[in-house]
Structure formats: C-alpha cells, structure tokens
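[1] I need the structure of the sequence given here:
(chains A and B, ligands or ions: 1)
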Amino acid sequence: MELQFKSELTISESGFLFDHSTGLTYTLNSTGQFIFRKIQDKQNAMHILNFVMQEFDVSEETAHKDLDDFVRQLKEFDLVSR
Amino acid sequence: MTEKKAYSKPTIIRHSVGVQNKFGRPPATVPINRLDGFEVSELAEKYGSPLFVLSVKALRDRYRDLKRAFSTRYPNFQIAYSYKTNYLKSVCSILKQEGAWAEVVSGFEYDIARNIEVPGNQIVFNGPYKSHEELTRAFNDGAIVNLDNYDEMQVVEKVASELGKTLEVGIRINMDLNDPPWHKFGFNVEAGHAFEAVKRAEAGGKLKVVGLHIHTGTYVDDVTIYSRAAQGLVNFYSYIQEQLGVKLKYWDLGGGYASHNTLHGAYLPAEQTCPTFDQYAEAICPILMSGPFQAQDAPKLFIEPGRAIIDEPFSLITSVVSQKRLPSGQRGVLLDSGMNIMSSVQWYRYNFQSAQDSGTMLEDTIVYGGLCMNIDVLQASSSIPPVRRGDLLVIPHVGAYNISQSWQFIYLRPAIIAIEDGEVYVIKKAETRDYVQGFEDVPGKFITN
Ligand SMILES: Cc1ncc(COP(=O)(O)O)c(C=O)c1O
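    The predicted model follows:
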C-alpha cells in the first residue's frame, strides 16, 4: 500500500505537527513520529510494519493492528490520500 | 543485538480550540493502578472484570466527617442512611457500626434493615407507598413513620384503631425551593396543604404529629437551598406550635447532599463546586437552632444522606474490549461494563482513568458500554489515553444508585469486593446463570414434542 501525504507538513523534534494548507496542528507520540517519518521517506505500509518491529519491542499482531488504526486516523484527518 | 525500544501505540491527536474550560482543568493522565494498596490488575485477574471495589476506609471517613460537621453545630443529631442509594448488606452493616440509623422507603428496604438487626426504633420509614401490613409492622417495632399523603394517613388511623393506641407520626412536607420544585412528596407548605395535613392528623384523635420531614432534591450543590428549607421548617414549626400546640420530637432534612461527581452540563468539575460537609452544616444548623425551643429541648435533627457518603468509596474496574474510529474521526472505546450496572451515567460525567501507564496523549473518546444496545453510551466525550483490548480502566465514585438500580441484561452482573486493613472481602459474588434463572420454571408441556 502506497502512502502519501496530501500537503506540506512540518514536524518538530517533539512531535508537534503543522499542516501548512489548513493551519491545523497535531501532536504525535514517539511511535507515531517514527511511522510519520517513514511515510515521509516514501516507505510502503509493509516496510513500515517491519521497521516498527525492528525498532520496538512489539508483536507483529499488535504492531499491525495499531499501524492500521494509525493510518486510518491519518486518513480521517485527511493528511494522507484515501 | 541492540535492545529494542519500549513500544507504545502510535497516536496522533488533532488540537482543537475550546476543549478545556477557562480554568484549564488538567486532564486526568495519572493512572490509578492501585486501589487501597492492591494492584488493579491483580484484583481484576482474581475477581474478574468488571468489578466493583469498596474502600471501607473511605466509607468510614466520609461518614465520620459528615457526622462531625453536623454534631459540632447541633446538639441532637442523627444520620439515617438512605438505603436506596446502595443497600448492600455490608454497606448497611458498616454504617450501622458507625452509628447510622436506616432510612428506608419500601417494605423490602425495611426488611433489609431488620435483617441486619437494625432496631425498629432506629428506622425512619419514608416512601410514597407503604402497605397496611408494612405500616403495622413498623409501628409495632417503634419505627419512625413519615406520612406522604391522606390515603396513607387513613390507613395509619386504621392501624391505630387496630393497635388500640395513639400513634406518633411525622408529616412529609415540601416547599417551593428549587426550579422545578419537588412537589411529589408530602404536602406543600406554600399552598397551605401542609398546615391542613397537620391539622387533619391531629383532629382525627388517633395520631399525634411529632415530626416534620422535607427532602429538598438530589445532588443539591447550592447550600442556600438547605438554608431556605431550614428557615421554612423553623417558620412552619413556629406556626403549628402556635396554632395547634404541636411539639416536635424530630425534624428531618432528607438527603440530596452532593458528591464529588460532575453533572452533565456542569461548567466546572465537582472538585471545585461540591460543598464540604461543614458548608452544608453551617448553612443549616444555626438556622434550625433559632427555632421555637430552648437549646436543651432541640428536636432531634435527622439527615438522610445517600450519594454524599456512598459515591466516593466505590470504584469500578472495567476492561477495554475494543477501540474503533468513527466516521467523524472520533475514537470510540468499547468496555466490558454497560449502563445496566452504571445507570448514573445519565447524571454524571464520570472520569475514566487508565489503570496502567498509558502516557499522556489524551484523546477525545466516546465510551461505549458493552450492551448490544445503541443507547449504551457511558460518556459521549471523555479524554482518555491510548488503550487497547485488555487494558483496564478505573471509574472512581460509582457507589450511589448504580448497584441498587442495576439490572441484569445479556451479561451476568459482576462481583463486588470490599477492602479494609489490607484484606479483600467478596461482599457479593458474581452472578451465575443458575442464580439468574433459579426462579424460572418450564412446564413439562412446553418441552415434550
Ligand atoms: C426521602 C429521601 N431521603 C434521602 C434520599 C437520598 O438522596 P441523596 O442520595 O441525593 O442524598 C432520597 C433520594 O431520593 C429520598 O427520597
């Protein structure tokens, strides 16, 4: 699955996210930031899942479910294309 | 191999304007992972989830604080605990140990009090419907009976004839104190009905009016309502004393004192608005002491607290079953407990606290109960950290009405435990199917082909 951000987004070191097109702001936790940066690096969802499992102490089942939920949320917020 | 980082669920939260009130109430991010010294997770594992947990210390402390506040301001004071709020035998027994009398509003509640050996003369029997048999039993036991209506007065006159003696009674009165006023119980003062009722009771020759009872409402967090009720009692007593020669043995200000739970629609959290017991007592006692009597003859003052002493001591441990995204983008969390055991969600915005360290990333969440009913929403909007299936939440201050008004529906109702001095006691076992269906019978005719 190809994930792509719709507009120009700036994320700070602390996980504060600014959407230049809407002016809306968000906060991401560390795992959220990690995934966010992988999307910026144009990784697809399968690869991101592997990166998460390499980086963090988490089972595949949990990581997969959480990643799906996170991506769903990015779509709800209209940050990535549906 | 390098050590992997600790994982937390990836989360993104959109900032919105105007979620916090102007006092910027800090959201509850501190997990409650212990209750009275016991790990929440261990309690849930051992006794199941959901699980009601009573802190006996908190109950005794609430009771003692209330008693202290009033008895230091009024010479002849007695708490009659409102059984309907939570009539678990252990709760009623602990409060009996503390010196509480019982305030009951039905024959069933009366029976609960007698069953744990509350003496008849320490029971206040209110309620709009008391049967002939129940009234006879109460007068035989020497209970305090407050009359709600003329039909009841007639029945009690009959009981007096049957017992061959004059019976002492209290009259329930109401006043225009709140908006909308509580007119359901007793006789209205402003309309002259209360005076008529006292006059009528005395005129029949079988009854003697020795008490007045008023219950101003429930969750009354405006102490001036109690001041007005107290002034109303003083004025009314002065009037019936002067006109009819009535001498009161007691007056009863009912219940209604607020607990530390926030009502829906309240602007400020209850921690900032709930009056202290001292504030209630100060609003009531000096006014009553200005009544038409010498201090040493002060009528006994009863109050009938319910939620104010029983809400705080109980918590509910409940598990997350699932979480989902709604089309609106809002997060939904589904719990294993429903409004069948949490009926007070109608009134209260409960706090849902995580029982494990879930971080500080709070997100606006709709909290669904586990019932297969669309209306089973425990909270339309609550700030909750990321949680996943199996995580535990603790809902504090759930002691009032939830248990006595619970209903059994599709799931079995959970166990209830009490903790005191480092010991856990199961005070009510979780229901079983046999328990629920035990009174059913299937006639053979319905089974054979
Ligand atoms: C007569 C009477 N006394 C006491 C109470 C207890 O009320 P609360 O739980 O608000 O203190 C009630 C409740 O409605 C009541 O009807």
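
[2] strands of chain A, start to end?
    A:9-11, A:16-19, A:25-28, A:56-57 (DSSP state E).

[3] in chain A, which ranges drop under the pLDDT threshold?
    A:1, A:82 (pLDDT under 70).

[4] tell me who's in contact with the residue nearest the centre of it.
    Centroid-nearest residue in chain A, with CA atoms, centre = their mean: A:F36, separated by 3.2 Å. A:F36 is in contact with A:11, A:17, A:28, B:12, counting by CB atoms under 8 Å, 6 or more residues apart in numbering or on different chains. Where you see a C-beta, it was placed from the backbone N, CA and C, and this is true even at glycine.

[5] let's see it at 10 Å
    For A:F36, the contacting residues are A:5, A:9, A:11, A:15, A:17, A:26, A:28, A:48, A:70, A:74, A:79, B:10, B:12, by CB atoms under 10 Å, 6 or more residues apart in numbering or on different chains.

[6] just give me the neighbour total for the residue nearest to A:L3 when sequence neighbours are not counted.
    Using CB to CB, 6 or more residues apart in numbering or on different chains and skipping the chain neighbours, the partner closest in space to A:L3 is A:I39 (4.9 Å). Residues lying near A:I39 (other CB atoms under 10 Å in any protein chain shown) number 21.

[7] now, of the contacts of A:F36, which are buried?
    Among the contacts of A:F36, those classed as buried by neighbour count (16 or more other CB atoms under 10 Å in any protein chain shown) are A:9, A:11, A:15, A:17, A:26, A:28, A:48, A:70, A:74, A:79, B:10, B:12.

[8] measure the residue nearest to A:L3 to the ligand for me?
    53 Å (CB to the nearest ligand atom, to the nearest Å).

[9] in this structure that residue contacts A:Q4, no?
    Yes: between A:I39 and A:Q4 there is a contact at 7.7 Å, judged by CB atoms under 10 Å.

[10] check whether the helix or strand containing B:V320 comes near chain A.
    Element membership for B:V320 (DSSP states H and E) is strand B:314-325. Yes: on the criterion CB under 10 Å from any CB of the partner chain, strand B:314-325 is in touch with chain A at B:323-325.

[11] same for the helix or strand following that strand, what does it pack against?
    Proceeding N to C from strand B:314-325, the next assigned helix or strand is strand B:331-335, under DSSP H and E. The criterion is 3 or more CB pairs under 10 Å, 6 or more residues apart in numbering or on different chains; DSSP states H and E, and the helices and strands that strand B:331-335 contacts are helix A:60-76, strand B:314-325, strand B:363-368, strand B:377-384, strand B:392-396.

[12] which positions in the longest helix anywhere in chain B come out as buried?
    Longest helix in chain B, counting residues (DSSP state H): helix B:223-244. For helix B:223-244, a neighbour-count test (16+ other CB under 10 Å) marks B:223, B:225-234, B:236-237, B:239-240 as buried.

[13] go through the residues you listed and name the one nearest chain A.
    When the buried residues of helix B:223-244 are compared for distance to chain A (CB to the nearest CB), B:V223 wins out at 41.3 Å.

[14] wait, the closest one sits on B:C285?
    No: when contacts are counted by CB under 10 Å, B:V223 is not listed as touching B:C285 (11.7 Å).

[15] need the strands for the stretch 101-250 of chain B, in chain order.
    Here the stretch 101-250 of chain B has its strands, by DSSP state E, counting those that start in this stretch, at B:101-104, B:123-125, B:144-147, B:167-174, B:187-188, B:207-213, B:250-252.

[16] deepest of those strands, which one?
    strand B:101-104 (a mean of 28; mean count of other CB atoms under 10 Å in any protein chain shown).

[17] mind pulling up the pLDDT for the residue lying closest to B:L51 once chain neighbours are set aside?
    Among residues not flanking B:L51 along the chain, B:I317 sits closest, at 4.5 Å (CB to CB, 6+ apart). Looking at B:I317, its pLDDT is 98.
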